[in-house]
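Participant: sequence and predicted structure below; questions after.
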Amino acid sequence: EGGASYRGDAGKLLTEKFMRPIDTELGTPQNDEGARLRLSRHFLECIREGKQPLTTAMTGFTSNLVLDAIYESSRTGQEVKLDWTI
């Protein structure tokens, strides 16, 4: 059991250990350029240098399949079975 909260640039993991609550502060490493800049740089490297992307089309398909199932389950209140065939 546990949870997480995120406000602004700070995050916190909330959990329990030995029947006592524990809050773990999350932060951005110093001098972090940010995820968007890192992803943009990686995208350009893949184009310029022919590198293999970190994520594939299948990763995007899987993410969309799961998100669509979450929305459908929320809409219907029923379990949604995923169809993994393409």
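Facilitator: Noted; the coordinates are in hand.

Participant: any idea how far Ser5 is from the residue lying closest to Glu25 once chain neighbours are set aside?
Facilitator: With Cβ to Cβ, 6 or more residues apart in numbering as the criterion, Glu25 has its nearest non-adjacent residue at 5.8 Å, and that residue is Lys12. Bear in mind the C-beta positions are built from the backbone N, C-alpha and C, glycine included. Counting by Cβ to Cβ, to the nearest Å, the gap from Lys12 to Ser5 is 5 Å.

Participant: distance of Ser63 from Ala69?
Facilitator: Relative to Ala69, and taking Cβ to Cβ, Ser63 is found at 11 Å.

Participant: what about the helices in this protein?
Facilitator: Under the criterion DSSP state H, the chain carries helices at the ranges 35-49, 57-76.

Participant: count residues in the vicinity of Thr24, would you?
Facilitator: Residues lying near Thr24 (other Cβ atoms under 10 Å) number 11.

Participant: quick one: it and Leu13 touch, right?
Facilitator: Yes: in this structure Thr24 lies within contact range of Leu13 using Cβ atoms under 8 Å: 4.3 Å.

Participant: show residues contacting stretch 19-37.
Facilitator: Under the criterion Cβ atoms under 8 Å, 6 or more residues apart in numbering, residues 9-16 lie in contact with stretch 19-37.

Participant: okay, the helices of the chain in a markdown table with mean neighbour count next?
Facilitator: Output for the helices of the chain, formatted as a markdown table (neighbours: other Cβ atoms under 10 Å):
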| stretch | mean neighbour count |
| --- | --- |
| helix 35-49 | 11 |
| helix 57-76 | 11 |
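
Participant: so which of these is nearest Trp84?
Facilitator: helix 57-76 (7.5 Å; Cβ to Cβ).

Participant: residues making contact with that closest one?
Facilitator: With Cβ under 8 Å, 6+ apart, helix 57-76 has contacts from 79-80, 82-84, 86.

Participant: measure Gly60 to Thr76 for me?
Facilitator: The spacing between Gly60 and Thr76, counted by Cβ to Cβ, is 24 Å.

Participant: next: Ala69.
Facilitator: Ala69 is 11 Å from Thr76, by Cβ to Cβ.

Participant: no further questions, thank you.
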